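model the following, please.
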Amino acid sequence: MSYEYLARTIDQSPEIIEGLTSGKMTLEGGVIRIARGYEGAGQIVRHLKFPNDPSQSLENLSEMMGEGFGKINKSLETLKSLQCANLILSGVNLAVSVAGFVIMNKKLNTITDILKDNSVKIDKVLSAISDSNERIMIEDLSKFTATMSTAEQFMKRGDVEHLIPLILPIRQQYIYSRDILRKTIKAAFNGQFPEDMGYIFALRDRVVNLGLCLSNVQNKSGFRYEAVEDLKLLKTDWHALNQDVYNLTLEQNMLGYIKSSEFRDLKSFMSLRVEASPVLEYQSNLLQLSLARPDLESVIFEDNKELLLIAA
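The predicted model follows:
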């Protein structure tokens with residue numbers, strides 16, 4: 001099965017619609033592959049490039065496939081995950097577009113407000129941590145906000161020269177936020193379920209958005225390989241954080257006595273990794289495609305209003 005070079009909309013590609021409908025092709029993490037049992041199984045047929053509003057993708061694809069949409073419902077779980085409307089993952093192309101960076105920076109501003117509102121609770125938790133330097137994440141919010149707003153300014157202008165020096169402070173904020181979250185989790189889950197998970201969710205959201213922002217800045221600065229590596233690091237770190245929570249709840253037998261509302265919070269915290277995986281995989285695939293096919297960069301990194309199919 002051979003396919004010519006394409007970078008066009010889904011409605012211009014009847015062979016892809018037919019393949020997805022018949023089951024000859026599957027959709028995985030923003031990549032369409034030949035399904036098992038068929039010649040060339042596992043081969044990438046097309047990469048998908050979603051518009052920043054993922055709901056448009058679902059509506060467009062549903063309309064194009066008609067009744068066949070229901071037949072591949074399982075394969076479309078990735079698209080549904082990309083449509084996730086929570087604080088962290090609403091919107092796509094977060095690591096590969098200027099618009100994505102703007103979306104994340106707005107979310108980080110909201111998270112900063114949440115952290116300020118919960119500063120008393122955070123200080124109470126951090127009192128269990130001996131290293132006073134751990135408080136820096138809370139004390140330097142204004143410096144952090146200034147760094148991110150400056151990065152957004154340079155992103156919009158395409159000013160790579162002044163954007164590159166901001167990679168270091170953004171990386172420092174990511175590493176520090178990740179470490180403070182890990183220590184806060186261990187302190188908060190000390191023999192009981194935390195009274196209020198709000199501040200932990202805010203820290204969690206900050207880590208995920210910072211990881212995506214770091215990858216975005218690396219990509220915009222021309223460091224595509226490093227952008228992919230930062231997405232891999234985010235996935236690895238998030239798995240470790242989830243494992244920490246899982247181990248602590250088991251070690252302290254929390255599951256036997258926590259309230260239903262607390263269990264919902266715990267489930268929400270743990271489920272984000274599953275929701276985030278297809279988003280991170282999708283963006284990593286696009287970045288890796290740009291490394292392998294520099295001729296496709298204009299398609300990969302420009303904003304688009306419709307769902308696009310890009311050659312493998």
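
does I32 sit in a helix, a strand or a coil?
Following DSSP: H, G, I helix; E, B strand; the rest coil, the label given to I32 is strand.

tell me the contacts of it?
16, 19-20, 25-26, 44-48, 309 (CB atoms under 8 Å, 6 or more residues apart in numbering). For glycine as for every other residue, the C-beta is placed from the backbone atoms N, C-alpha and C.

specify which member of those residues is nearest to K259.
Using CB to CB, the shortest approach to K259 within the contacts of I32 belongs to T26, at 40.5 Å.

show me what that closest one is bridged to.
Beta bridges link T26 to R33 when assigned by DSSP bridges.

one step back: looking at the contacts of I32, which one is closest to P278?
L48 (11.3 Å).

what about the helices in the stretch 201-312 of the chain?
For the stretch 201-312 of the chain, applying DSSP state H, counting those that start in this stretch gives helices covering 224-251, 260-292, 297-301.

closest one to D205 among the ones you listed?
helix 260-292 (9.0 Å).

in the closest one, what counts as buried?
Under the neighbour-count criterion of 16 or more other CB atoms under 10 Å, helix 260-292 has 262, 265-266, 269, 272-273, 275-290 buried.

the inter-axis angle of it versus helix 224-251?
Here helix 260-292 runs at an angle of 160 degrees relative to helix 224-251 (axes from the mean of the first three to the mean of the last three CA atoms, to 10 degrees).

need the mean per-residue confidence for helix 260-292.
Average pLDDT, helix 260-292: 80.

low pLDDT regions in the stretch 51-200 of the chain?
Along the stretch 51-200 of the chain, segments meeting pLDDT under 70 span 52-92, 116-141, 191-196.

between the helices of the stretch 201-312 of the chain, which one is closest to I200.
Between those, helix 260-292 lies closest to I200; by CB to CB that is 7.2 Å.

counting by contacts, list what that closest one packs against.
Where contact means 3 or more CB pairs under 8 Å, 6 or more residues apart in numbering; DSSP states H and E, helix 260-292 is packed against strand 44-49, helix 77-82, helix 198-220, helix 224-251, helix 297-301.

run the last query once more with 10 Å
Using 3 or more CB pairs under 10 Å, 6 or more residues apart in numbering; DSSP states H and E as the contact test, the elements touching helix 260-292 are strand 25-28, strand 31-34, strand 44-49, helix 77-82, helix 198-220, helix 224-251, helix 297-301, strand 308-311.

among the helices of the stretch 201-312 of the chain, which comes closest to L94?
helix 260-292 (6.6 Å).

return the distance of the closest one from the chain's centre.
In terms of CA atoms, centre = their mean, to the nearest Å, the centre of helix 260-292 is set 6 Å apart from its chain centre.

what about R8, is that helix, strand or coil?
Once three-state DSSP is applied, R8 turns out strand.

residues in a beta bridge with it, which ones?
Using DSSP bridges, the bridge partners assigned to R8 are L309.

list the contacts for it?
Applying CB atoms under 10 Å, 6 or more residues apart in numbering to R8 gives the contacts 16, 46, 299, 306, 308-311.

I figured E297 hits K49, correct?
No - at 11.8 Å, E297 does not count as touching K49 under the criterion of CB atoms under 10 Å.

list residues touching both of the two?
Residues touching both E297 and K49 (CB under 10 Å, 6+ apart) are L289.

more neighbours, those two?
More crowded of E297 and K49, by other CB atoms under 10 Å: K49, with 26 against 13.

could the contacts of I32 go into JSON lines alongside pLDDT?
Shown next, in JSON lines, are the contacts of I32 (pLDDT from 0 to 100):
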{"residue": "I16", "pLDDT": "81"}
{"residue": "G19", "pLDDT": "84"}
{"residue": "L20", "pLDDT": "80"}
{"residue": "M25", "pLDDT": "87"}
{"residue": "T26", "pLDDT": "81"}
{"residue": "I44", "pLDDT": "89"}
{"residue": "V45", "pLDDT": "87"}
{"residue": "R46", "pLDDT": "87"}
{"residue": "H47", "pLDDT": "86"}
{"residue": "L48", "pLDDT": "81"}
{"residue": "L309", "pLDDT": "81"}
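
what is the nearest of the residues you listed to V208?
Nearest to V208, judged by CB to CB, of the contacts of I32 is L48 at 22.0 Å.

quick check: bridge partners of that closest one?
Going by DSSP bridges, L48 forms beta bridges with L309.

so what's the residue count around it?
Residues near L48, counting by other CB under 10 Å, number 24.

swap in the one 3 residues further on?
The local packing of P51 (other CB under 10 Å) involves 19 other residues.

quick one: classify it as helix, strand or coil.
Going by three-state DSSP: P51 is coil.

distance check, it against N304.
Distance of P51 to N304, computed by CB to CB, to the nearest Å: 6 Å.
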